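Student: mind looking at a prediction? Sequence and model below.
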Amino acid sequence: MEPRKPSTVKTPIRIILADDHQIVRQGLRMLLEAEPDMVVIAEACNGREVLKQAQELLPDLIIMDVTMPELNGIEATRQILSIAPGIKVIALSMNSDSRFVLNMFRSGVSGYLLKECSQGELVKAIRTVIKEKTYLGPGISDIVIKDFLTGWQTTSDSAFSTLTPKEREVLQLLAEGKSTKQIAESLYISIKTVESHRKQLMDKLEIRSVAELTKYAIREGLTSG
């Protein structure tokens, strides 16, 4: 009896798509599932949903939009990787602003692409980061190199470095027009705690109105407004 030959069938890369636009997710699913070694196991329309899915499904990789409701891609990535550091995340965004790019990398992503990229570029990025490498899309590498040469500058008023994770979550929800009660229910904390977080972030940022907080949150990439 001849010895059994080892199987040459590779386990497909298990992917979650996180984007608040259904048409984007549908397009990405069609593109990726045309690849023999990739399978989309779930879709999420906001950061809180992809956080839940990542915990339950433990995918190999997540394609993550940066600006999403409930919880943005920066915070979602940070929380996911704190729980499951083995998951790879590729940011896919319309925004090439250095603040967005660098904050996503600080949160732990392995790659950053613009939504205008080609199918081949996205597939190449996925296969690159799965091999424990970093991938920068066209136009993104120039931003990262420039900031590296200038010392990876971090401004003192950056929400990513100034506020606590919970304060950033409260800030995003406030900017999205949620009431104190709605924020408390969403984050499973008391109304008093929400009010305390709001006071703290206003004191830290020296901002005294929700309108100014909203402008700040949009500028920092915590919400699209």
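Tutor: Arrived safely, thanks for sending. Numbers count the residues shown, from 1 in each chain.
Student: drop to CA atoms for contacts and neighbour counts, all remaining ones
Tutor: OK.
Student: not counting its neighbours along the chain, what's nearest the residue nearest the centre of the chain?
Tutor: Centroid-nearest residue in the chain: Gly73, 2.4 Å away (criterion: CA atoms, centre = their mean). Nearest residue to Gly73 in three dimensions, chain neighbours excluded: Val66, at 4.2 Å (CA to CA, 6 or more residues apart in numbering).
Student: how near is that neighbour to Leu102?
Tutor: Here the criterion is CA to CA, to the nearest Å. By it, Val66 lies 12 Å from Leu102.
Student: show me what counts as buried in stretch 30-49.
Tutor: Leu32, Met38, Val39, Val40, Ala42, Glu43, Ala44, Cys45, Asn46, Gly47, Arg48 (16 or more other CA atoms under 10 Å).
Student: nope, stretch 128-146 is what I meant
Tutor: Val129, Ile130, Tyr135, Leu136, Gly137, Ile140, Ile143, Val144.
Student: one step back: residues contacting the residue nearest to Gly73?
Tutor: Asn72, Gly73, Ile74, Ala91, Leu92, Ser93, Phe100, Met104, Gly221 (CA atoms under 8 Å, 6 or more residues apart in numbering).
Student: could you redo the last one with a cut-off of 10 Å?
Tutor: Applying CA atoms under 10 Å, 6 or more residues apart in numbering, one finds that Val66 lies in contact with 18-20, 46-47, 72-77, 91-95, 100-101, 103-104, 112, 221-224.
Student: how is this structure partitioned into domains?
Tutor: Here the domain parsing of the chain from automatic domain parsing is 13-149, 159-219.
Student: next, format those as TSV and append mean pLDDT.
Tutor: Output for the domains of the chain, formatted as TSV (pLDDT from 0 to 100):
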stretch	mean pLDDT
domain 13-149	92
domain 159-219	88
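Student: just name the most buried of these.
Tutor: Comparing the domains of the chain by mean neighbour count (mean count of other CA atoms under 10 Å), domain 13-149 ranks first with a mean of 19.
Student: so how far is that domain from its chain's centroid?
Tutor: Remark: domain 13-149 is offset 6 Å from the chain centroid, using CA atoms, centre = their mean, to the nearest Å.
Student: can you list residues touching both of Val66 and Leu102?
Tutor: Ile74, Tyr112.
Student: so the residue nearest to the centre of the chain makes contact with Val50?
Tutor: Yes: counting by CA atoms under 10 Å, Gly73 does reach Val50; the two are 9.3 Å apart.
Student: who touches both of these two?
Tutor: The contact sets of Gly73 and Val50 overlap at Ala18, Asp19, Met64 (CA under 10 Å, 6+ apart).
Student: what's in contact with the longest helix along the chain?
Tutor: Ordering each helix of the chain by length in residues (DSSP state H) puts helix 191-205 first. With contacts defined as CA under 10 Å, 6+ apart, helix 191-205 is touched by 157-159, 162-164, 166-171, 174, 179-185, 187-188, 190, 206-210, 212-213, 216.
Student: same thing with stretch 173-189?
Tutor: Against stretch 173-189 from outside (CA under 10 Å, 6+ apart): 48, 69-71, 166-172, 190-195, 198, 210-218, 222-225.
Student: before we move on, back to that, distance to Gln55 and secondary structure added to the shared contacts of Gly73 and Val50, as CSV?
Tutor: As requested, the shared contacts of Gly73 and Val50 are exported to CSV (distance: CA to CA, whole Å; DSSP: H, G, I helix; E, B strand; the rest coil):
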residue, distance to Gln55, secondary structure
Ala18, 14, strand
Asp19, 17, coil
Met64, 15, strand
